[in-house]
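> just a sequence and a predicted model for now, questions to come.
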Amino acid sequence: MLRAIADTHTLIWYLFRDNRLSKAAGAAIEEAAAAGDQVGFSSVSLAEIIYLIEKGRINAATLDRLLTAIDQKDAVLAEVPFDRHIALPSEQWTNPKCRTFRIELSPPQPFISSCR
């Protein structure tokens, strides 16, 4: 089950165990992993990571780490399309500064229900 959506900074900080990742965000990812669930990230994050690498703003190994992480069996991170079904319910975000959001993927469409 897809438990949450993470933005690009969350991915980078999680992959490198960076102390800028909040305890709540780290715990949300670890809880998902422990439950056998996944944390999604927008496919746009791949393009953003490549751009940041090209500009020398992040570690050049970031893309390889991410691709290795998502290619693992039972990977906690999963690439998902960031489409209108995820973007439009943004008015439900309780804290727009939060880096991960709990979502439910029940019919008729996914929605973000609470910030972790």
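Thanks, I have the structure now. No experiment lies behind these values; they were computed from the predicted model shown. Numbers count the residues shown, from 1 in each chain.

> so which strand or helix has Glu79?
Following DSSP states H and E, one finds Glu79 within strand 77-80.

> in that strand, what counts as buried?
Under the neighbour-count criterion of 16 or more other CB atoms under 10 Å, strand 77-80 has Leu77, Ala78, Glu79, Val80 buried. Every residue, glycine included, has its C-beta placed from N, CA and C.

> again, but for stretch 55-74
Quick answer for stretch 55-74 (16+ other CB under 10 Å): Ile58, Thr62, Leu63, Arg65, Leu66, Ile70.

> closest to Thr10 out of these?
Proximity of these to Thr10, judged by CB to CB, is greatest for Leu66, which lies at 11.6 Å.

> what's the spacing between the closest one and Arg84?
According to CB to CB, to the nearest Å, Leu66 and Arg84 sit 25 Å apart.

> what of Met1?
Distance of Met1 to Arg84, computed by CB to CB: 21 Å.

> which residues does Ser42 form beta bridges with?
Ser42 forms beta bridges with Val80, as assigned by DSSP bridges.

> before we move on, back to that, for the strand holding Glu79, what is the average pLDDT?
Here strand 77-80 scores 94 as its mean pLDDT.
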